[in-house]
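**Q** only geometry, no sequence info:
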Ligand SMILES: Nc1ncnc2c1ncn2[C@@H]1O[C@H](COP(=O)(O)OP(=O)(O)OP(=O)(O)O)[C@@H](O)[C@H]1O
């Protein structure tokens, strides 16, 4: 034991010690094997070679252990120097309990590893093994579900809130896009809901049970874009993974690929993207094989692609390929009629997170309408969140609460200096109606039939209105 913890050997078992203990371990085990620093087999006993079904025990010597036992973790022990005690190894439908230990030379360098099969008959360990198996199965199922969820959508069409003519037109086109397989181009400023809409289109399309993969072209360094899109073949360059790294196209196979900020794509990649869309196959980096892919592309941009085509920074052929159906999403300042609805939804979401109840008064909505929202709905959400956090116990957000948190930048505000007093909509409408009726009666010298005609209403409706006004 002195040697095990002696000053020359702080790291663990020496070769000498292993050799001394080996006969004991070997006898107690159902098989034993040793490998060198390169994970090549240096020794294997006959019980292990029988267990493995090796025809020629001697031929195994000198071979990489993975070639003989593909499931082995001995190379890992040699690499890390960490023993693996009581590990369950599945080998050709049998479960073996294996202990693997590294051993060291006198200088403390790893020289190799030894492994002992402690049980080949797991009968006595049945409860443990079945628990291991069921946990393993649960883990695999959870991983699969998680991966699927990560590639599934959060939004459906109902999440694109709005009832203004602009919002309704967006939804009409989105439904049209969902029912067909065409490429869609979403145009809109930042925060207008391009990603919400892309996910919504996917979730109503026939691809909804397949992956939705989003990629923001502007967020990826230019030199990594190609690998990110098309994948990397095993060992394509120094440092590349030994396994194939799938690109976004392969990940989205069968489903939808959302290309956000497509206007930021460099020209050489535009050419490659066009080829993939035309041919339906990708060629991973460093590979000479093509992989067929079936992907529906939804692209989005906040840039003016037509101007980019004119100045040569965007390919027109790619533009036409991506823009089979165009969905322009109006900025929030052009659909202020949706503010009330949006506030209701966003406040509900935000107040849930803050664990408080909140509403907004009409005057609060009118205050929001005085701003021109360069960050659109994302910014609206932030403003509401700030207003709620600043208000003492949530409650009803009034104009004051909103003005306290609205950004003061001049580009953002529309006539913020003197907000007009807010009146009840019903009062404003009643007044306008009375004025119109009065004007019509003056114009027709009191002839009610002609006045009704001028106003575009029936005589009986005019009589009803006059009765209410008197
Ligand atoms: N019509 C909408 N109804 C409800 N919430 C919306 C709507 N549009 C956007 N949002 C919300 O606004 C935020 C921004 O939306 P999204 O990320 O889809 O915008 P975007 O146009 O893709 O922005 P960017 O171009 O900056 O990526 C999200 O929190 C989203 O939930």
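**A** Great, that's in hand. All values derive from a computational prediction rather than experimental measurement.

**Q** C-alpha from now on. contacts and neighbour counts both.
**A** Noted.

**Q** Okay, now the unreliable bits of the stretch 51-200 of the chain?
**A** Within the stretch 51-200 of the chain, the ranges that satisfy pLDDT under 70 run 93, 119-130, 132-133, 136, 140, 143-153.

**Q** Quick check: residues of it near the ligand?
**A** Neighbours of the ligand within the stretch 51-200 of the chain, by Cα under 6 Å from any ligand atom: 159, 160, 161, 190, 191, 192, 193, 194, 195, 196.

**Q** Look up the closest residue to the last one, ignoring the ones flanking it.
**A** The reference is to residue 196. Once flanking residues are discounted, residue 196 sits nearest to residue 155: 5.9 Å by Cα to Cα, 6 or more residues apart in numbering.

**Q** In this structure that neighbour contacts residue 199, no?
**A** Yes: applying Cα atoms under 8 Å as the test, residue 155 and residue 199 come out as touching, 5.7 Å apart.

**Q** which of these two has more neighbours?
**A** The neighbour count for residue 155 versus residue 199, taken as other Cα atoms under 10 Å, is higher for residue 199 (27 against 17).

**Q** just the strands in the stretch 151-300 of the chain please.
**A** With DSSP state E, counting those that start in this stretch applied, the stretch 151-300 of the chain shows strands at 184-187, 212-216, 256-260, 281-282, 291-292, 296-301, listed in chain order.

**Q** Can you pull the domain assignment for this structure?
**A** As given by automatic domain parsing, the domain ranges for the chain are 2-119, 157-324, 333-405, 425-469.

**Q** if I look at the most far-flung residue of the chain relative to its centre, how far off is residue 466?
**A** For the chain, the C-alpha farthest from the mean C-alpha position belongs to residue 445; by Cα atoms, centre = their mean, that distance is 67.9 Å. Using Cα to Cα, to the nearest Å, one gets 16 Å for the distance from residue 445 to residue 466.

**Q** repeat for residue 39
**A** In this structure, residue 39 and residue 466 are 99 Å apart, going by Cα to Cα.

**Q** repeat for residue 230
**A** The spacing between residue 230 and residue 466, counted by Cα to Cα, is 71 Å.

**Q** Between the two, point out the one with more neighbours.
**A** Taking neighbours as other Cα under 10 Å, residue 230 and residue 466 compare with residue 230 leading, 24 against 13.

**Q** Do I have it right that the more buried one meets residue 283?
**A** Yes: in this structure, residue 230 is within contact of residue 283 by Cα under 8 Å, at 6.4 Å.

**Q** Run through the helices of the stretch 51-200 of the chain in chain order.
**A** Applying DSSP state H, counting those that start in this stretch to the stretch 51-200 of the chain gives helices spanning 65-68, 74-80, 126-150, 165-179, 194-204.

**Q** Pretty sure the residue farthest from the centre of the chain sits in a strand.
**A** No: with DSSP: H, G, I helix; E, B strand; the rest coil as the criterion, residue 445 is assigned coil and is not in a strand.

**Q** give me phi/psi at it?
**A** With angles defined as degrees, to the nearest 10, residue 445 sits at phi 50, psi 40.

**Q** Going forward, the N-terminal residue is numbered 18.
**A** Understood, numbering begins at 18; the last thing we discussed is residue 462.

**Q** list the buried ones in stretch 459-470?
**A** The neighbour-count check on stretch 459-470 (16 or more other Cα atoms under 10 Å) flags 465, 466, 467, 468, 469 as buried.

**Q** which residues are contacting that stretch?
**A** Contacts with stretch 459-470, where a contact means Cα atoms under 8 Å, 6 or more residues apart in numbering, come from 454, 457, 458, 475, 476, 479.

**Q** need the contact list for the second one.
**A** Just to be clear, that refers to residue 457. With contacts taken as Cα under 8 Å, 6+ apart, residue 457 has the following neighbours: 468, 469, 471, 472.

**Q** Closest one of those to the ligand?
**A** residue 472 (35.8 Å; Cα to the nearest ligand atom).

**Q** pLDDT at the closest one, what is it?
**A** In the predicted model, residue 472 carries a pLDDT score of 89.

**Q** What's the local residue count around it?
**A** Look at residue 472: counted by other Cα under 10 Å, it has 16 neighbours.

**Q** Touching, it and residue 456? I think so.
**A** No: under the contact definition of Cα under 8 Å, residue 472 does not touch residue 456, with a separation of 9.6 Å.

**Q** All the strands of the stretch 368-487 of the chain, residue numbers only.
**A** Counting by DSSP E, counting those that start in this stretch, the strands of the stretch 368-487 of the chain are 375-377, 412-414.

**Q** do you know which of the ones you listed lies nearest the ligand?
**A** Evaluated over the strands of the stretch 368-487 of the chain, closeness to the ligand peaks at strand 375-377, with 16.5 Å, by Cα to the nearest ligand atom.

**Q** Over the closest one, what's the mean pLDDT, rounded is fine.
**A** 87.

**Q** contact partners of it?
**A** The contact list for strand 375-377, computed with Cα under 8 Å, 6+ apart, reads 360, 361, 364, 365, 368, 405, 411, 412, 413, 414, 415.

**Q** Would you mind naming the helix or strand containing the second one?
**A** Mapping residue 361 onto the secondary structure by DSSP states H and E places it in helix 356-371.

**Q** How far away from the center of its chain is that helix?
**A** Relative to the mean C-alpha coordinate of its chain, helix 356-371 is positioned 23 Å out (Cα atoms, centre = their mean, to the nearest Å).

**Q** Now stretch 77-85: buried residues?
**A** Judged by neighbour count (16+ other Cα under 10 Å), stretch 77-85 contains these buried residues: 77, 78, 81, 82, 85.

**Q** what's the farthest-apart pair in those?
**A** The widest separation within those, taken as Cα to Cα, falls between 78 and 85 and amounts to 9.9 Å.

**Q** tell me the contacts of the residue in the stretch 268-417 of the chain that the ligand sits nearest to?
**A** Closest contact between the stretch 268-417 of the chain and the ligand, by Cα to the nearest ligand atom, is at residue 395 (3.9 Å). By Cα under 8 Å, 6+ apart, the contact set of residue 395 is 208, 209.

**Q** Tell me how far it lies from residue 228.
**A** As judged by Cα to Cα, residue 395 and residue 228 stand 25 Å apart.

**Q** same deal with residue 371?
**A** From residue 371 over to residue 228 the distance is 32 Å, taken as Cα to Cα.

**Q** In terms of neighbours, single out the busier of the two.
**A** For residue 371 and residue 228, the more surrounded residue by other Cα under 10 Å is residue 228, and the numbers stand at 24 against 13.

**Q** Surely that one is in contact with residue 275?
**A** No: because the distance of 10.6 Å does not satisfy Cα under 8 Å, residue 228 is recorded as not touching residue 275.

**Q** neighbours of residue 230, just the number please.
**A** Other residues lying near residue 230 total 22 when counted by other Cα under 10 Å.

**Q** Once you drop chain neighbours, what's closest to it?
**A** Excluding the flanking residues, the one nearest residue 230 by Cα to Cα, 6+ apart is residue 274, at 5.0 Å.
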